[in-house]
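# Sequence plus the predicted model coming up.
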Amino acid sequence: GDSVTQMEGPVTLSEEAFLTINCTYTATGYPSLFWYVQYPGEGLQLLLKATKADDKGSNKGFEATYRKETTSFHLEKGSVQVSDSAVYFCALSGRDGGSQGNLIFGKGTKLSVKP
Amino acid sequence: EPEVTQTPSHQVTQMGQEVILRCVPISNHLYFYWYRQILGQKVEFLVSFYNNEISEKSEIFDDQFSVERPDGSNFTLKIRSTKLEDSAMYFCASSPRQSYNEQFFGPGTRLTVL
């Protein structure tokens, strides 16, 4: 079945460092891909999304490109801030087969940014 | 900005007891979901709900689980006889449309079964 694999955390960076969180997926058909973020004590918030191959999602300085050839959707940010400290979840939503609408998540990657 | 709310934020119960987790989705949304996250594991889909009926459920969502939209605003998840392994964070989500679009999540209810 469909699945998402993302890099294990925790990831600790200094402020202004470059961030990459790897995410790869396995899916039938053409899923939509998402990055969700969970700040401490809060629910999951959509950070960015891409609905077809080669789409680039971007928000708040974060970017991710839907790469069908490598089945990847890596999250990047050029210069992280302390306020970016959170848990980041990669997810997909299937278009075909049984997964109509429900999200399939990776395990989450905890990011800590030090001043 | 409208948001999904969940109550309680933390529920502690004894094994075998029934619990009801409550959610208030965003008012004009049509699709509703429950997910759970066991500590240290993935967020897992439980069930989706549309037009007053379950549209999809996972293998986790067995006969011990049920969902209901008792009125125009609440969406509940009931666990009839809790087990230790039901201890998890339960997230409610809603969406204006199905599938490829954003789901809006609540802050979660932490369920602890003793």
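Yep, that arrived. Just so it is clear, the model here is predicted, and its values are computed rather than measured.
# alpha carbons only for contacts and neighbour counts from here, please
OK.
# Give me the nearest residue to the residue nearest the centre of chain B, chain neighbours excluded.
Geometric centre of chain B, nearest residue: B:Trp34, 3.2 Å, by CA atoms, centre = their mean. Counting by CA to CA, 6 or more residues apart in numbering or on different chains, B:Cys92 is the residue found nearest to B:Trp34 once chain neighbours are left out, at 4.6 Å.
# Now that neighbour: which helix or strand?
strand B:88-95 (DSSP states H and E).
# Show me what the very next helix or strand once past that strand is packed up against.
Next helix or strand after strand B:88-95 toward the C-terminus (DSSP H and E): strand B:104-105. With contacts taken as 3 or more CA pairs under 8 Å, 6 or more residues apart in numbering or on different chains; DSSP states H and E, strand B:104-105 sits against strand A:44-50, strand B:88-95.
# Turn those into JSON lines, including mean pLDDT.
Converted to JSON lines, the helices and strands packed on strand B:104-105 look like this (pLDDT from 0 to 100):
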{"stretch": "strand A:44-50", "mean pLDDT": "92"}
{"stretch": "strand B:88-95", "mean pLDDT": "94"}
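# can you tell me which of those comes nearest to B:Phe61?
Closest approach to B:Phe61 among those (CA to CA): strand B:88-95, 12.7 Å.
# Can you tell me the strand partners of the closest one and which way each runs?
Strand B:88-95 pairs in its sheet with strand B:31-37 (antiparallel), strand B:104-105 (antiparallel), strand B:109-113 (antiparallel), by DSSP bridges.
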